[in-house]
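>>> give me a 3D structure for the following:
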Amino acid sequence: MSCVGTRPKSSSSPAATVEIEKKAKSSEGLFKPTPVSRALRNFLGVSESSRADAVKQIWAHIKLHNLQIRGRSYVTINSSLFEGKERVNSLEVGKLLSRHFVKTN
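Numbers count the residues shown, from 1 in each chain. Below you'll find the predicted structure:
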């Protein structure tokens, strides 16, 4: 009797390998916590944040307060975070936040 289509189990499963890779990459690029400007610090309530977390929190605020214009790709928000603009294209949100992240060496 032969078991067709079965493979011997390896010592590390693919899921475990992916989890290790995620942990290694979680402190790089968009996920690296960096110091933020005073305006973003006041908005988020933290002194350091990753770009990804900051954008997530901004969008959570936009959705909570219904600031996105229905059927359009614009957000109505008047904040010092967005250079005092009242209406911002939704794709500009990340771009306008980039000036609030302090560059470190």
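>>> which residues does the closest residue to Glu92 other than its chain neighbours contact?
Distance criterion CB to CB, 6 or more residues apart in numbering; nearest residue to Glu92, sequence neighbours excluded, is Phe82 at 7.9 Å. C-betas here are computed from N, CA, C, even on glycine. Phe82 makes contact with Val88, Glu92, Val93, Leu96 under the criterion CB atoms under 8 Å, 6 or more residues apart in numbering.
>>> centre of the chain to stretch 81-88, how far?
How far stretch 81-88 lies from its chain's middle: 19 Å, per CA atoms, centre = their mean, to the nearest Å.
>>> now stretch 74-92
18 Å.
>>> and that stretch, which residues are buried?
Going by neighbour count (16 or more other CB atoms under 10 Å), the buried part of stretch 74-92 is Tyr74, Val75, Ile77, Ser79, Leu81, Phe82, Val88.
>>> any regions of this structure where pLDDT drops low?
Filtered on pLDDT under 70, the chain yields the residue ranges 1-27, 78, 105.
>>> no further questions, thank you.
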